[in-house]
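>>> Here is my input, please return the structure:
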Amino acid sequence: MKFTTRRVKHGAAVAAVLSLTAGMAACSGSSPAASDGGTLVVANYQFLEPGRGDQLWNGLLGYEEFNDKATLEQTASPYLQYVDKLNTELGAGGGPDVFVVQEAQFATLAEAGLLEPLNDVLADSDLNSLNEGLKVDGDQVGVIWEQVTYALIGNKNLMEQAGIDALPTDVDELIAAGQQIQEATNADGFAVRHLMSEFDSWWMDYNVFPYGFGGSWSDGSELTIDSPENIAGLEAYKKIYDAGIMPIGDDASTFRTKFKENQLAFMIENNGATLSFTEGGQISGTDIVSGPLPFTDPGQHQRIVFAVNKNSDNVELAKDFIRWFVSEEGQTAIRPGLGASTLATDVPLSDEFQSAHPWAPTFLDQAATSRSNLVEGFETDTKAIMQIVMRAVERVITKGDDPAQALAEAQSEAQTSLR
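Predicted coordinates:
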């Protein structure tokens, strides 16, 4: 999907940012040339992740060797605070020089005109086609930091105990395999997010179900929440939920720990979390098997974007940093910390990593056909739309509401809210 801005009257987040930025452009001075050097503040909530954060930062510090006049400083906060803090700082004309954002936040910042075009420093780069989705009115205003994709993963130890040789390929096989696991090992068969308390992550994870049945939340101009395909996806989700193979009530932290401790067999999971299971648990990378999602159609991705603050005092140096970041040197430096994610260029996994994590290539294979979590044509309203949708999903799985009726009501509510 190529991201295009949609000028909306009802985008509260955009309006808040725009109100803060009024008059800021006239106050910003000219930026020193990249050759003058300086200090760049780089923001990323991932810097706080144990082990991985240091690995990511050490990779980025390669820029200081490339440009000995540049100094990098990092800033980080937990994700939920990070989003609000970054919006407030950028809206006030300040904030870090370079930062990562999830795709939904990227859409809001792009709509508000807070991102610096990068066309000139990317002209000779080898960006892959996935970056096309980060253009606004023809300008490249971000590059992929990482694109996290989803696949079906299995705990090889439990599968072997239960006599299961291969991953399930559809919903009925998944239910049958989960039941077989439970009978043979007393472990849980399957887990996926299902709690409104984890809304931000739940709706992103849930999208594999409607997408997997060919669904979409819009046709680009009109909402299609109650389409037959979306209904089929919800029916499949409820079928698994009702099958008795899931640890109902477990949040993601709990059931992910179970997978690491050989107490859970199957998950639909992203590649970043899958890599984390091999650290500090009872399993290694070779104890995990992976395969395509158990649906006919491809699933979705979480796209994390690297962008430059348009109001940075060092905008030219920041852009030069992006030029280095997408170079072979920069991408190779950052690859170890980003595991099996797809990056801005097609830099390959190392042979050493693939040997230790044979599940990894499956996730890269999903990248080309996976789809955005943003609602096409309603990018800056995605979160509001999905809150309505997920409340309907919750009623279906907890109260037994009819899937078709629940999504029809969500369609009507969403249309009304966007007027």
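>>> Where does the prediction get shaky in this structure?
1-31 (pLDDT under 70).
>>> State the distance from Ile268 to Thr362.
Per Cβ to Cβ, to the nearest Å, Ile268 is found 12 Å from Thr362. In this view, the C-beta of every residue, glycine as well, is placed from N, C-alpha and C.
>>> Look at those two and report which has more neighbours.
Ile268 (23 against 20; other Cβ atoms under 10 Å).
>>> how distant is the longest strand along the chain from the center of its chain?
Secondary structure of the chain per DSSP state E: the longest strand is strand 143-155. Computed by Cα atoms, centre = their mean, to the nearest Å, the chain-centroid distance of strand 143-155 equals 8 Å.
>>> Could you check the very next helix or strand once past it and say which residues are buried?
Next in sequence after strand 143-155, counting helices and strands by DSSP states H and E, comes helix 156-161. Across helix 156-161, burial judged by 16 or more other Cβ atoms under 10 Å covers Lys156, Asn157, Leu158, Met159.
>>> List the neighbours of helix 156-161 that are in contact with it.
With contacts defined as Cβ atoms under 8 Å, 6 or more residues apart in numbering, helix 156-161 is touched by 165, 181, 184-185, 187, 262, 264-265, 283, 286-289.
>>> Redo those as JSON lines? Include distance to Gln74, secondary structure and neighbour count.
Shown next, in JSON lines, are the contacts of helix 156-161 (distance: Cβ to Cβ, whole Å; DSSP: H, G, I helix; E, B strand; the rest coil; neighbours: other Cβ atoms under 10 Å):
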{"residue": "Asp165", "distance to Gln74": "46", "secondary structure": "coil", "neighbour count": "6"}
{"residue": "Ile181", "distance to Gln74": "42", "secondary structure": "helix", "neighbour count": "26"}
{"residue": "Ala184", "distance to Gln74": "47", "secondary structure": "helix", "neighbour count": "16"}
{"residue": "Thr185", "distance to Gln74": "43", "secondary structure": "helix", "neighbour count": "19"}
{"residue": "Ala187", "distance to Gln74": "40", "secondary structure": "coil", "neighbour count": "21"}
{"residue": "Asn262", "distance to Gln74": "36", "secondary structure": "coil", "neighbour count": "18"}
{"residue": "Leu264", "distance to Gln74": "34", "secondary structure": "strand", "neighbour count": "26"}
{"residue": "Ala265", "distance to Gln74": "38", "secondary structure": "strand", "neighbour count": "30"}
{"residue": "Ile283", "distance to Gln74": "31", "secondary structure": "coil", "neighbour count": "17"}
{"residue": "Thr286", "distance to Gln74": "33", "secondary structure": "helix", "neighbour count": "13"}
{"residue": "Asp287", "distance to Gln74": "33", "secondary structure": "helix", "neighbour count": "20"}
{"residue": "Ile288", "distance to Gln74": "31", "secondary structure": "strand", "neighbour count": "24"}
{"residue": "Val289", "distance to Gln74": "36", "secondary structure": "strand", "neighbour count": "18"}
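>>> and which of those residues is nearest to Glu146?
Ile288 (19.3 Å; Cβ to Cβ).
>>> Okay, and the beta partners of the closest one?
Asn155 (DSSP bridges).
>>> can I assume it is in contact with Leu152?
No: counting by Cβ atoms under 8 Å, Leu152 is not a contact partner of Ile288; they are 11.0 Å apart.
>>> Which residues does the longest helix belonging to the chain contact?
Longest among the helix segments of the chain by residue count, using DSSP state H, is helix 382-399. Helix 382-399 is contacted by residues 104, 107, 194, 196, 199-200, 202-203, 206, 217, 223, 225, 234, 237-238, 241-242, 373-375, 378, 401-403, 406-407, 409-410, 413-414, 417-418 when judged by Cβ under 8 Å, 6+ apart.
>>> where exactly do the helices run in the stretch 101-250 of the chain?
103-111, 119-122, 156-161, 171-185, 199-206, 208-212, 228-241 (DSSP state H, counting those that start in this stretch).
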